[in-house]
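**Q** sequence first, predicted model second:
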Amino acid sequence: GEDVEQSLFLSVREGDSSVINCTYTDSSSTYLYWYKQEPGAGLQLLTYIFSNMDMKQDQRLTVLLNKKDKHLSLRIADTQTGDSAIYFCAETPQDGGSQGNLIFGKGTKLSVKP
Amino acid sequence: DAMVIQNPRYQVTQFGKPVTLSCSQTLNHNVMYWYQQKSSQAPKLLFHYYDKDFNNEADTPDNFQSRRPNTSFCFLDIRSPGLGDAAMYLCATSRFPGSGNYEQYFGPGTRLTVT
């Protein structure tokens, strides 16, 4: 079945880079997404990558996709305390892809220490 | 600013007492989704509307219903809330593009407490 796996916790120091990893199972997913959720809030779309790309950079964010290994990562450069949040990886599975149903991982809680 | 609005932000209901959560959007998106998110878990899709076409997930309990009277509004009705239905309920919207990129835009959520 469809499954998206993420490590649950990551702790970094302010100014360091953070790397959040995700593995997914549906090789037919055409787009993969990263969402950020701050405490008590909804999900905010951070970035996405199309499956024919290996890398996408957007300011401090770099997404790497290894389609062969079904591995996705999000790198945050110069991590700030405001980056502390839960980060969700999501894929659009083939059978739900017709209307954009997303399968989310359980989220990685990023803690940034000053 | 175009956005997804959910009301109320916090809702307390009694065990078995029907409750309705609302969502509105100014993005004019075709698709609206309802997710349930329990503590420390991933959001779980309950159902979605593509325009007026309702799509229920196979494991969504019958206790959960939805209405979409027009493009802008969508409601989640919980007919007889149980203690296990306490969760954050997230509404999201997306366009229906030909590219297959369904960026979803989320509201702030409604936290439901069942007493």
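**A** It's in. Numbers count the residues shown, from 1 in each chain, chains lettered A, B, ... in the order given.

**Q** do the lowest-mean-pLDDT helix or strand in chain A and chain B meet?
**A** Least confident element among the helices and strands of chain A, by mean pLDDT, DSSP states H and E: strand A:103-104 (a mean of 89). Yes - counting by C-beta under 8 Å from any C-beta of the partner chain, chain B is contacted by strand A:103-104 at A:Phe104. In short, each C-beta sits where N, CA and C put it, glycine included.

**Q** paired strands for that strand, with orientation please.
**A** Strand A:103-104 pairs in its sheet with strand A:85-91 (antiparallel), by DSSP bridges.

**Q** residues making contact with the helix or strand that the least confident helix or strand of chain A is followed by?
**A** Once strand A:103-104 ends, the next helix or strand along the chain (criterion: DSSP states H and E) is strand A:108-113. With contact meaning C-beta atoms under 8 Å, 6 or more residues apart in numbering or on different chains, strand A:108-113 is reached by A:6-14, A:18, A:20-21, A:76, A:79-81, A:83-88.

**Q** low-confidence ranges in the chain?
**A** Just so you know, I chose chain A. Judged by pLDDT under 70, chain A has its weakly predicted residues at A:1-2, A:93-100.

**Q** sorry, should have said chain B
**A** Scanning chain B for pLDDT under 70 picks out B:1-2, B:97-100.

**Q** and if we set it to 90?
**A** B:1-2, B:39-42, B:50, B:53, B:55-59, B:95-103 (pLDDT under 90).

**Q** burial count for A:Lys36?
**A** Other residues near A:Lys36 come to 19 when the count uses other C-beta atoms under 10 Å in any protein chain shown.

**Q** quick check: which element contains it?
**A** Here A:Lys36 is assigned to strand A:31-37, by DSSP H and E.

**Q** now the element after that strand, going C-ward?
**A** Heading C-terminal from strand A:31-37, the first helix or strand you meet, by DSSP H and E, is strand A:43-50.

**Q** that next one packs against which elements?
**A** With contacts taken as 3 or more C-beta pairs under 8 Å, 6 or more residues apart in numbering or on different chains; DSSP states H and E, strand A:43-50 sits against strand A:31-37, strand A:55-58, strand A:61-66, strand A:71-76, strand B:105-106.
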